[in-house]
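Asks: generate coordinates for the sequence data below:
(2 chains)
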Amino acid sequence: MRILPVPAQPDQGTPPTVNPQSTPPVPPPSLPVRKVLTMKKPFRAGEYAIEKFIQSVAIISLVLIGLIFVFVFREAYPLFTGKVLAAAPQAQVEEAETYGVDPGAPDIVEAPELEQNQENFKPSSLVGPSWQPVSLDPKFGLWSLLAGSLKVTLIALLIAGPVGIFAALYTSNFAPKWAREGMKPAIEILAGFPSVVVGFFALVIMASLLQNIFGFQYRLNAFVGGVAMALAVVPIVYTVSEDALNAVPKVMMEASLALGATRWETALFVILPSATPGIFAAMILGFGRAFGETMIVLMATGNAALLTASLTDPVRTLSATIGAEMAEVVFGDTHYRVLFFVGALLFMISFSLNAVAEFFVRNRLMKKFKGA
Amino acid sequence: METAPHYAKLYTKDLHLHYGPKHALKGISLDMKAYKVTALIGPSGCGKSTFLRSLNRMNDTIDNVNIKGSVFVDNVDIYHKKVDEVQLRKKVGMIFQKSNPFPKSIYDNVAYGPRIHGLRDKAKLDELVETSLRRAAIWDEVKDELKKSALALSGGQQQRLCIARALAVEPEVLLMDEPASALDPIATAKIEELIYELKTTYTIVIVTHNMQQAARVSDYTAFFYMGSVVEFDATERIFTSPKEKQTEDYVTGRFG
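Replies: Residues are numbered from 1 along each chain as shown, chains lettered A, B, ... in the order given. So this is what the prediction gives:
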């Protein structure tokens, strides 16, 4: 649109025009002019500043996420170029000790005298069953850790999924108003519970309890960790599912009831299926939480890097491995790099899962529901 | 089939309804004759939809609703505590103002009701789906795409699908809450034609804002105002020689 200057007083006679082709918006003289909308947009400084501020906050958080990505990957990268510091042999620990030296100064890593200590690391050694990072012959096989993470996550989701979804179904469809108003905040408080408290509870009370009930050979194991983790995952699954279920239009429920369906039939066959995309998202978020959660698994799973099929053996997860070992590694050596690689792996798994889920929800479920 | 075809299939006696402190229905007594169309007209908020919803106990789903008086369907008081609202709703079906198909296929939408009532036989289900869609005058438009999502249909088609879905549970009464208010004139005409055909098999109660529609499709008309029935009579008389001044003003468009 072309912005034309409009005469301040239209009854002036000949208004100045920029474009001779267009007639100035002067009303016919018979109509009284009350107010002329001036085509001059004032510059609102406050508006502009607030808009830019909010924008920059959003950009900064995006950049931060990007930087974390870059940092984690950069630390892991030398594993794939083969230029890694040799793990200090047990006998020479004193010599190679870097404790106390500022680990943030990169010139130490780059220092030429240290380059002699570089060893060739084969990325293929990450693929293996044993995780023995501190031995004379260190092994960095990640299978047992990955299996541990998946076991705990699986158990947590198998418990938290149904519990969270059915609790959400109850509060959104059946609960009387007072129960709904009490239950939602109560479950959401559980989400804000420090995971170290949940972990401690699992370690001290739940582990013994479950061992007494099921007679586990090992007091701390994947199952205990999974159950404890479920406590942390339920609120996420619950909250997101509840929102999804509440977003199902009430007319759906009425249509079903009007056909003579009971409330449960309505909830299970109409409302739950209609909320599938949201519930799917809830499960993905729950998976992300369970897979990345560290403190609970560190405390409750026994932390033995075993690669077994049993769900009641102790396990060590990817996240707990970082949590337990990062403080003790030699800065820049193979173990350090591998731990960063584990971090990158966690990142990639969560990220790709989210991407797949997003894709799935958008392309399959939404198509079904939007009726394209 | 009943010997006296035009007995009162539904009737209410001094029906009062409160939404919390609001007195929405103030003692309604109305007869709705079998195999006839009864239209409920009146300005917005006059209680006609509320009245309609109390005929199959849909108001039960709303908090804070308090009902006094009685509603009889086939001479059974449906608010008696021994009456199962699930059975009642099977007998008294409902079509809503906004078409509300489930996010399922066309077939599954229609088969939903019979399925929850225990019909598992695929052949019988197929047949029932077809007859329901035929009765709702939508079969020819959807017969080749029964597996398609119901949400892909146009508004008018969706509404007829909802009618088919209601017919599939084989009700005896159909309550329609402004079934054509969200549709264009052509789709509306189709729905009206359909109502005309359906009344040979069903007792129909319809809420409408559209005077012409009430005049066209109904046999009896009740004029609601402020939670009471001002006048109830044969449609012809309501529209040509109403007894009450208020009714006359409303149907001639002078207020409302």
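
Asks: what residues of stretch A:125-136 count as buried?
Replies: For stretch A:125-136, the neighbour count (16 or more other Cβ atoms under 10 Å in any protein chain shown) marks A:Leu126, A:Ser130, A:Trp131, A:Pro133 as buried. All C-beta spots, glycine's among them, are computed from the backbone N, C-alpha and C.

Asks: tell me who's in contact with the last one.
Replies: Spelled out, it's A:Pro133. By Cβ atoms under 8 Å, 6 or more residues apart in numbering or on different chains, the contact list for A:Pro133 reads A:Lys139, A:Phe140, A:Glu325, A:Val329, A:His335, A:Val338.

Asks: which one of these is nearest A:Gly66?
Replies: A:Val338 (23.2 Å; Cβ to Cβ).

Asks: what count of nearby residues applies to B:Asp84?
Replies: 11 (other Cβ atoms under 10 Å in any protein chain shown).

Asks: against chain A, how distant is it?
Replies: B:Asp84 sits 10 Å away from chain A, going by Cβ to the nearest Cβ, to the nearest Å.

Asks: what pLDDT does that residue get?
Replies: Predicted confidence (pLDDT) for B:Asp84: 90.

Asks: before we move on, back to that, tell me the two of the contacts of A:Pro133 that are most distant?
Replies: A:Lys139 and A:Val329 (15.1 Å).

Asks: now render the buried residues of stretch A:125-136 as a markdown table, adding pLDDT and secondary structure.
Replies: Output for the buried residues of stretch A:125-136, formatted as a markdown table (pLDDT from 0 to 100; DSSP: H, G, I helix; E, B strand; the rest coil):
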| residue | pLDDT | secondary structure |
| --- | --- | --- |
| A:Leu126 | 80 | helix |
| A:Ser130 | 82 | coil |
| A:Trp131 | 86 | strand |
| A:Pro133 | 80 | coil |
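
Asks: what about burial for the contacts of A:Pro133, which qualify?
Replies: Buried among the contacts of A:Pro133 by 16+ other Cβ under 10 Å: A:Phe140, A:Glu325, A:Val329, A:His335, A:Val338.

Asks: name the element the fourth one belongs to?
Replies: Spelled out, that is A:His335. helix A:334-360 (DSSP states H and E).

Asks: tell me which strands and helices that helix is in contact with?
Replies: Here helix A:334-360 touches helix A:45-76, helix A:78-81, strand A:84-85, strand A:139-140, helix A:276-292, helix A:318-325, going by 3 or more Cβ pairs under 8 Å, 6 or more residues apart in numbering or on different chains; DSSP states H and E.

Asks: on that earlier part again, dump the buried ones among the contacts of A:Pro133 to CSV, plus distance to A:Phe121.
Replies: Formatted as CSV, the buried ones among the contacts of A:Pro133 follow (distance: Cβ to Cβ, whole Å):
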residue, distance to A:Phe121
A:Phe140, 9
A:Glu325, 17
A:Val329, 14
A:His335, 11
A:Val338, 9
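
Asks: mind putting those residues into JSON lines with pLDDT?
Replies: Formatted as JSON lines, the buried ones among the contacts of A:Pro133 follow (pLDDT from 0 to 100):
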{"residue": "A:Phe140", "pLDDT": "85"}
{"residue": "A:Glu325", "pLDDT": "87"}
{"residue": "A:Val329", "pLDDT": "84"}
{"residue": "A:His335", "pLDDT": "86"}
{"residue": "A:Val338", "pLDDT": "88"}
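
Asks: nearest to chain B, of those?
Replies: Nearest to chain B among these: A:Val338, at 47.3 Å, using Cβ to the nearest Cβ.

Asks: which residues are in contact with the residue nearest to that closest one when sequence neighbours are not counted?
Replies: Excluding the flanking residues, the one nearest A:Val338 by Cβ to Cβ, 6 or more residues apart in numbering or on different chains is A:Phe140, at 4.8 Å. Residues near A:Phe140 by Cβ under 8 Å, 6+ apart: A:Ser125, A:Leu126, A:Gly128, A:Trp131, A:Pro133, A:Thr334, A:His335, A:Val338.

Asks: now do 7 Å
Replies: A:Ser125, A:Leu126, A:Trp131, A:Pro133, A:Val338 (Cβ atoms under 7 Å, 6 or more residues apart in numbering or on different chains).

Asks: where in the stretch 151-256 of chain B is pLDDT low?
Replies: B:255-256 (pLDDT under 70).

Asks: closest residue of it to chain A?
Replies: B:Leu151 (3.1 Å).

Asks: does that residue belong to a helix, a strand or coil?
Replies: helix (DSSP: H, G, I helix; E, B strand; the rest coil).

Asks: what's the local residue count around A:Ala327?
Replies: 7.

Asks: try A:Lys151
Replies: 24.

Asks: do the same with the one 10 residues further on
Replies: When counting by other Cβ under 10 Å, one arrives at 20 neighbours for A:Gly161.

Asks: and if you look at B:Lys245?
Replies: When neighbours are counted by other Cβ under 10 Å, B:Lys245 comes out with 10.

Asks: quick one: it from B:Gly27, how far?
Replies: Counting by Cβ to Cβ, to the nearest Å, the gap from B:Lys245 to B:Gly27 is 21 Å.

Asks: same check on B:Ala180?
Replies: 30 Å.

Asks: these two: which has the busier surroundings?
Replies: Ranked by neighbour count (other Cβ under 10 Å), B:Ala180 and B:Gly27 place B:Ala180 first, with 26 against 16.

Asks: still on that earlier bit, just put the buried residues of stretch A:125-136 in CSV and tack on distance to B:Phe51.
Replies: Output for the buried residues of stretch A:125-136, formatted as CSV (distance: Cβ to Cβ, whole Å):
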residue, distance to B:Phe51
A:Leu126, 72
A:Ser130, 76
A:Trp131, 72
A:Pro133, 76
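
Asks: wait, which of the residues you listed is closest to chain B?
Replies: Nearest to chain B among the buried residues of stretch A:125-136, counting by Cβ to the nearest Cβ, is A:Leu126 at 44.7 Å.

Asks: check contacts around that closest one.
Replies: A:Phe140, A:Gly141, A:Leu142, A:Phe341.

Asks: likewise for A:Thr321?
Replies: Residues near A:Thr321 by Cβ under 7 Å, 6+ apart: A:Leu145, A:Val342.

Asks: name the helices or strands packed onto the strand or helix carrying B:Pro114?
Replies: Using DSSP H and E, B:Pro114 sits in helix B:106-116. Counting contacts by 3 or more Cβ pairs under 7 Å, 6 or more residues apart in numbering or on different chains; DSSP states H and E, helix B:106-116 packs against helix B:122-135, helix B:155-168.

Asks: of the ones you listed, which stretch is the most buried?
Replies: Across the helices and strands packed on helix B:106-116, the average number of neighbours (mean count of other Cβ atoms under 10 Å in any protein chain shown) peaks for helix B:155-168, which reaches a mean of 25.

Asks: CA atoms of it as PDB?
Replies: Extracted in PDB, the C-alpha atoms of helix B:155-168 (Å, rounded to 0.1, in the frame of the first residue of the first chain):
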ATOM      1  CA  GLY B 155     -20.600 -29.500   7.200                       C
ATOM      2  CA  GLY B 156     -23.900 -30.600   5.800                       C
ATOM      3  CA  GLN B 157     -22.600 -34.100   5.200                       C
ATOM      4  CA  GLN B 158     -21.300 -34.300   8.700                       C
ATOM      5  CA  GLN B 159     -24.600 -33.400  10.100                       C
ATOM      6  CA  ARG B 160     -26.400 -36.000   8.100                       C
ATOM      7  CA  LEU B 161     -23.700 -38.500   9.200                       C
ATOM      8  CA  CYS B 162     -24.500 -37.600  12.800                       C
ATOM      9  CA  ILE B 163     -28.200 -38.300  12.100                       C
ATOM     10  CA  ALA B 164     -27.200 -41.600  10.600                       C
ATOM     11  CA  ARG B 165     -25.100 -42.300  13.600                       C
ATOM     12  CA  ALA B 166     -28.100 -41.600  15.900                       C
ATOM     13  CA  LEU B 167     -30.400 -43.700  13.700                       C
ATOM     14  CA  ALA B 168     -28.000 -46.700  13.900                       C
END
